[in-house]
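Chemist: Got a sequence here, can you build the structure:
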Amino acid sequence: MANTHLLSVLIWLPVLGGALILALGNARASAARWASLAVALVTFLLSLGLLTGFDYANPGMQFVEQHAWIPSYGIHYNLGVDGIAIALILLTTLVGVLALIGAWGVVNKRVNQYVASFLVLQGVTVGIFAATDAILFYVFFEAMLIPMFLIIGVWGGPRRIYAAMKFFLYTFLGSVLMLVALVYLYLKGGSFQLADLYALPLTAKEQTWIFFAFMIAFAVKVPMFPVHTWLPDAHVEAPTAGSVILAAIALKIGGYGFLRFNLPITPDAGHEWAWLVITLSLIAVVYVGLVALVQDDMKKLVAYSSVAHMGFVTLGTFIAFTLVRDFGSLDAARLGLQGAMVQMVSHGFVSGAMFTCIGVLYDRMHTRRIADYGGVANVMPWFAAFSMLFFMANAGLPGTSGFVGEFMVILASFQKHPMIAFLAATTLVITAAYTLWLYKRVFFGEVGNAHVAEMKDINGREILVLGVFAAGTLLLGVWPKPLTDLMEPSIAQLAMQIANSKL
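Modeler: Prediction:
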């Protein structure tokens with residue numbers, strides 16, 4: 001298979017596979033599970049070809065595909081990836097496999113529709129990361145709402161309809177503003193190609209309006225404070241595999257959107273309003289972390305934890321503006337952007353693993369209330385060991401992936417903004433507080449519940465899923481160089497783009 005069509009295969013193979021699995025019918029649940037796993041596994045193996053054929057020294061788009069779609073309006077089916085996009089595509093295809101294995105046998109209602117939704121979601125998410133035409137990006141951006149809406153609304157908990165509607169409305173209303181901004185840019189420049197939009201001259205007023213249109217759309221996806229309230233509801237009601245995909249993959253779309261749209265298209269407005277995003281990021285890091293401390297539902301606690309951790313992504317992204325524009329420190333800006341990206345990939349492993357762990361407990365006890373547990377380590381020692389690793393990574397323990405990205409962002413901030421770095425570093429204390437509190441309540445102590453005493457330790461399927469998450473968490477924690485080398489040319493180019501004014 002030629003590399004020129006690899007991205008299209010990674011997008012449409014899962015989508016077409018999901019469509020064929022729908023045709024199997026509800027009666028063939030086992031066949032649907034195996035078929036979906038086969039499609040996801042083949043997609044992941046093919047995605048590794050992005051690494052083998054990638055030119056690490058080239059900061060531009062590679063594996064480029066260009067086809068006319070609606071040429072009369074300047075809309076094309078154009079695909080391409082750089083190091084940033086490849087990292088997120090590989091994360092997407094890997095977590096897609098793990099989510100399907102983790103959900104094996106857990107859902108028994110409309111299984112073919114369930115697994116088909118995951119495959120379609122995976123395909124359109126790869127499309128988001130690969131699109132180099134703004135309208136194509138927007139189509140994939142909106143399309144991923146449909147399978148996620150169904151996963152929450154059909155297979156979720158008692159309040160699934162409320163959670164699904166809230167998720168859909170928040171994301172959809174935010175993205176409408178992005179569409180308005182894209183239409184304006186087309187009317188001004190006559191193109192929807194991202195490379196053309198990067199070069200398009202814009203006045204300060206135009207940049208400000210476009211910056212906020214993009215910011216609102218992507219802030220909801222991250223999600224940033226104060227538009228984060230849909231996330232805890234969505235996580236609590238979503239099935240375990242849905243929570244894994246939502247946390248590990250869907251939240252990264254917002255951070256990726258900032259890097260692809262806000263920074264290079266509106267560099268001057270980004271510099272002017274960076275203080276706002278930095279302030280909201282610090283609120284997310286500190287305040288939302290404190291909110292997590294008072295939760296009595298494990299899923300809701302980890303959901304708020306995700307908001308706090310993603311605050312580091314937006315902090316590292318926008319602190320780069322002040323570092324490069326106000327202090328002329330290009331290296332510090334690159335460090336902040338690298339930290340944001342490493343944090344995104346790390347959060348994919350750690351949050352995906354933590355929601356998988358909660359799912360393991362829920363499958364056995366059918367409750368997520370922390371007070372219903374206690375002494376789990378006595379009856380599930382292997383599971384307790386895996387969970388300890390992921391909980392420590394969530395708290396930012398050195399040697400795990402959770403430390404690397406946050407440390408890079410704090411280090412970049414400290415060079416010119418010690419107070420911002422100090423406030424951001426407080427999350428390490430807050431996160432350790434609620435993470436250790438949760439682990440202590442669930443795993444330590446005497447077994448005080450007869451249902452806990454009857455729980456069985458993790459089986460081979462669960463060990464496989466948690467083992468892959470553990471390998472990713474540790475490998476990125478002790479050896480992040482392959483990831484940073486993959487992204488460095490693209491990050492350096494992005495730092496240069498935000499350093500150059502359009503005025």
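
Chemist: What ranges in the protein fall below the confidence cut-off?
Modeler: For the chain, residues meeting the criterion pLDDT under 70 lie at 1-3, 27, 448.

Chemist: Distance of the residue of it positioned farthest from its centre relative to residue 365?
Modeler: The C-alpha centroid of the chain is most remote from residue 450, which lies 37.6 Å away (CA atoms, centre = their mean). Using CB to CB, to the nearest Å, residue 450 is found at 11 Å from residue 365. C-betas here are computed from N, CA, C, even on glycine.

Chemist: what's near enough to touch residue 44?
Modeler: Contact analysis of residue 44 by CB atoms under 8 Å, 6 or more residues apart in numbering lists 93, 94, 96, 97.

Chemist: again with residue 234
Modeler: Remark: with contacts taken as CB under 8 Å, 6+ apart, residue 234 is in contact with 152, 163, 164, 166, 167, 246, 303.

Chemist: Near residue 406, how many other residues are there?
Modeler: 27 (other CB atoms under 10 Å).

Chemist: And it, how far from residue 346?
Modeler: Separation of residue 406 from residue 346 (CB to CB): 8 Å.

Chemist: Secondary structure class of the residue nearest the centre of the chain, three-state.
Modeler: Geometric centre of the chain, nearest residue: residue 252, 2.7 Å, by CA atoms, centre = their mean. When classified by DSSP: H, G, I helix; E, B strand; the rest coil, residue 252 comes out as helix.

Chemist: Over to residue 78?
Modeler: strand.

Chemist: That one and residue 131 touch, don't they?
Modeler: Yes: at 7.2 Å, residue 78 counts as touching residue 131 under the criterion of CB atoms under 8 Å.

Chemist: still on that earlier bit, which of the contacts of residue 44 fall within helices?
Modeler: Under the assignment DSSP state H, the contacts of residue 44 contribute 93, 94, 96, 97 to helices.

Chemist: returning to what we had before: I'd like to know how far the residue nearest to the centre of the chain sits from residue 76.
Modeler: Counting by CB to CB, the gap from residue 252 to residue 76 is 25 Å.

Chemist: ditto for residue 233
Modeler: Separation of residue 233 from residue 76 (CB to CB): 38 Å.

Chemist: Quick one: residues contacting residue 382.
Modeler: 457, 458, 463.

Chemist: need the helices for the stretch 101-250 of the chain, in chain order.
Modeler: Using DSSP state H, counting those that start in this stretch, the helices found in the stretch 101-250 of the chain span residues 111-130, 134-143, 145-155, 160-189, 194-199, 204-221, 230-237, 240-245.

Chemist: Then the stretch 251-400 of the chain?
Modeler: Assigned by DSSP H, counting those that start in this stretch, the stretch 251-400 of the chain shows helices spanning 251-257, 263-265, 267-283, 289-293, 298-325, 330-365, 376-379, 381-394.

Chemist: Make TSV out of those helices and add distance to residue 492.
Modeler: Shown next, in TSV, are the helices of the stretch 251-400 of the chain (distance: least, CB to CB, whole Å):
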stretch	distance to residue 492
helix 251-257	18
helix 263-265	13
helix 267-283	15
helix 289-293	32
helix 298-325	11
helix 330-365	6
helix 376-379	46
helix 381-394	28
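
Chemist: Residue 429: which of these is closest?
Modeler: Nearest to residue 429, of all the helices of the stretch 251-400 of the chain, is helix 289-293, at 9.0 Å by CB to CB.

Chemist: Give me the residues contacting that closest one.
Modeler: Outside helix 289-293, the residues that touch it by CB under 8 Å, 6+ apart are 301, 304, 305, 308, 427, 430, 431, 433, 434, 437.

Chemist: Can you say which helix or strand has the residue nearest to residue 375 when sequence neighbours are not counted in it?
Modeler: Leaving out its chain neighbours, the residue that sits closest to residue 375 by CB to CB, 6 or more residues apart in numbering is residue 447, at 3.6 Å. For residue 447, there is no helix or strand it lies in under DSSP states H and E.

Chemist: Would you indicate which residues of stretch 229-236 are buried?
Modeler: Across stretch 229-236, burial judged by 16 or more other CB atoms under 10 Å covers 230, 231, 232, 233, 234, 235, 236.

Chemist: can you check stretch 397-404 too?
Modeler: 397, 400, 401, 402, 403, 404.

Chemist: No more questions from me, cheers.
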